[in-house]
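> The following block contains a protein sequence and its predicted model.
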Amino acid sequence: MSSQPRHWRSAAEALAVLRQQARLTRPELGRRLGLGSGPTSDLVGRMARGALISERPAGREGRGRPTTTVHAHPRGPVAVVLDIRHGDWRLGTCEVDGTVEIVESGQHDSRSPEQLVDRLRTRVRATTRSLGDRLAGIGVAVPGPTADDRLVHATMLGWHDVDIRRVAPDAEILVAVGNDATMAAVAEARLHTPRPRTLLHVVVEIGVGGAFVADGRPVRSARGLHGEFGHLPFGDPGVRCPCGALGCWAIAFDLPQIARGAGRRIRQHPRTWLHGLFTDPRPSPKVRDTREALAADLGRGIAGLVNALDPDVVTLGGLASELRASSPEGFEHAVDAGLMTVHRDRPPSIVAARGGEDAPLIGAGLEVFERVLDADMLARWASRVRGVRP
């Protein structure tokens, strides 16, 4: 058994590769690390004995010997993950390969974020206790910009400066807090093969937002307030957004405004209602006009972001794909009209996101592992596992 950090540096690098690529074979891992087959086998074996990874047979692809894919070990490190959304929340666990299991979910009325955090702490405590020494930390995705692991402002909920770290039942547990769209973008980038160097992720939920990812990681900013695409001045310059700025893109996606334009009342959970509006097979003229206007707003905004960021691929998360499908010609026309000629000649692909509803949870878990799974931590982990040799 070795507890020397130097013996675990290559293992930390291997886990970093696993965080960046959802499907990873043993040969691919070796190539990413610059190792031959022998050293790769030794490393994978040592990590398996250390309860960090496991292997499964991979489907045969062409000629050559059968290989294996790399996955989390069933007794390996685990992050508790929490996604706080507009009106509801989801709690689960995330393993080092991004596998998420939902533990519990519930509703909230959004009136008091402090009371919600207190309620969630009780539920998080039960989950952390069940994991024992496997707990690596807690990752939380929130619907607004974050700084220093605090929620700065959730515009649509009216929340300001919320200390999300209080969900931890113990102050010594690491808590990583991030914007939900940013966390989803991190999860999304690892699902594309070949992995794009840059990815623009745009999300429509109760509002609009997104993130820009380079080499599998979000592009960082001075205070961590990046990715607030909904507050770019793509909207009506005469209307002030609750964020304090004039002309925000998000104003067009304000739920009460959408309901008034569509001539409908919101009688369900807001997200469920919005999904129904975008997918109604027999829309009224007002609903059709509303969808066309929103799809055009979405397309123009994406064009502006492409002009500014020049991504390899654009992914549509949340309800953005449903909105695009509700008025495909209007969306495509708005994108094309808004692109610079240099981008119009070779536009990036705009595709539906693959991460699904769990994407923010996956990203939150991966952020925990990004912070804690270094050589020192793995050495301490190995000291608790029998049969591990350098």
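Thanks, I have it.
> So what are the sheet partners of whatever helix or strand V208 lives in and their directions?
Element membership for V208 (DSSP states H and E) is strand 207-214. Here strand 207-214 is paired, per DSSP bridges, with strand 198-205 (antiparallel), strand 217-218 (antiparallel).
> What lies in contact with that strand?
Applying C-beta atoms under 8 Å, 6 or more residues apart in numbering, the contact partners of strand 207-214 are 143, 155-156, 179, 181-182, 184-186, 188-189, 197-203, 218-219, 226-230, 249-250, 252-254, 298, 301, 305, 309, 311, 317, 320. All C-beta atoms are positioned from the backbone trio N, CA, C, and that covers glycine.
> Can you report how many residues lie near A147?
15 (other C-beta atoms under 10 Å).
> Pop out the phi and psi values for the nearest residue to L82 once chain neighbours are set aside.
Leaving aside its sequence neighbours, L82 sits nearest to V140 (C-beta to C-beta, 6 or more residues apart in numbering; 4.7 Å). Main-chain torsions, V140, degrees, to the nearest 10: phi -130, psi 130.
> how near is T127 to G363?
18 Å (C-beta to C-beta, to the nearest Å).
> Kindly report the same for P39.
Applying C-beta to C-beta to P39 and G363 gives a distance of 31 Å.
> Compare those two (neighbour count), which wins?
More neighbours surround G363 than the other of P39 and G363, with 33 against 13 (other C-beta under 10 Å).
> and G92, that's in a strand?
Yes: under DSSP: H, G, I helix; E, B strand; the rest coil, G92 sits within a strand.
> residues touching the residue lying closest to it once chain neighbours are set aside, list them.
Nearest non-adjacent residue to G92, counting by C-beta to C-beta, 6+ apart: I102, 4.5 Å away. Counting by C-beta under 8 Å, 6+ apart, I102 makes contact with R90, L91, G92, D358.
> For S3, give me the pLDDT.
If you check S3, the pLDDT there is 58.
> Oops, could you answer that again for E61 instead?
We have a pLDDT of 58 for E61.
> which stretches of the stretch 1-150 of the chain form helices?
Under the criterion DSSP state H, counting those that start in this stretch, the stretch 1-150 of the chain carries helices at the ranges 9-20, 26-33, 37-49, 113-131.
> Dump the second one to CSV, keeping only the CA atoms.
Included here for helix 26-33 are C-alpha records, laid out as CSV according to Å, rounded to 0.1, in the frame of the first residue of the first chain:
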residue,chain,number,x,y,z
ARG,A,26,-8.5,1.8,-22.0
PRO,A,27,-6.5,2.5,-25.2
GLU,A,28,-8.0,6.0,-25.4
LEU,A,29,-7.0,6.7,-21.9
GLY,A,30,-3.5,5.6,-22.6
ARG,A,31,-3.3,7.8,-25.7
ARG,A,32,-4.6,10.8,-23.8
LEU,A,33,-2.0,10.3,-21.1
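> hang on, E367 packs against A184?
No: using C-beta atoms under 8 Å, E367 makes no contact with A184, being 11.6 Å away.
> So between the two, which is more surrounded?
More neighbours surround A184 than the other of E367 and A184, with 32 against 26 (other C-beta under 10 Å).
> and that one, which of the three is it?
helix.
> residues contacting it?
A141, H201, V203, A211, G317, A353, G355, A359, P360, G363.
> Return the longest helix in the protein, judged by number of residues.
helix 285-309 (DSSP state H).
> contact partners of stretch 113-131?
So stretch 113-131 is contacted by 78, 80, 82, 84, 89, 91, 93, 103-104, 108, 110, 135, 138, 151, 154, 157, 159, 162-164, 166-170, 173 (C-beta under 8 Å, 6+ apart).
> For T69, the count of nearby residues, please.
Look at T69: counted by other C-beta under 10 Å, it has 17 neighbours.
> OK, contacts around it?
T69 sits in contact with R23, L24, T25, R26, E55, R56, P57, A58, where contact means C-beta under 8 Å, 6+ apart.
> picking up where we left off before, do you know which of the helices of the stretch 1-150 of the chain lies nearest E292?
helix 113-131 (35.5 Å; C-beta to C-beta).
> Show me what counts as buried in that closest one.
The neighbour-count check on helix 113-131 (16 or more other C-beta atoms under 10 Å) flags P113, L116, V117, L120, R123, V124, T127, T128 as buried.
> Could you let me know which of the residues you listed ends up closest to R46?
Closest approach between the buried residues of helix 113-131 and R46, by C-beta to C-beta: T128, at 28.1 Å.
> ChimeraX command for the buried members of the contacts of T69?
Per 16+ other C-beta under 10 Å, the buried members of the contacts of T69 correspond to this ChimeraX selection:
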select :24,25,26,55,58
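> and the contacts of T69, which of them are in strands?
E55, R56, P57 (DSSP state E).
> and which of the residues you listed is nearest to H71?
Distances from H71 to the ones in strands among the contacts of T69, taken by C-beta to C-beta, are shortest for R56, at 6.1 Å.
> residues touching that closest one, list them.
So R56 contacts T68, T69, H71 (C-beta under 8 Å, 6+ apart).
> Can I get the contacts of T69 in a markdown table including pLDDT and distance to W273?
What follows is these, written out as a markdown table (pLDDT from 0 to 100; distance: C-beta to C-beta, whole Å):
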| residue | pLDDT | distance to W273 |
| --- | --- | --- |
| R23 | 88 | 36 |
| L24 | 91 | 40 |
| T25 | 93 | 43 |
| R26 | 94 | 47 |
| E55 | 95 | 45 |
| R56 | 93 | 41 |
| P57 | 92 | 45 |
| A58 | 85 | 43 |
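> Understood, closing this out.
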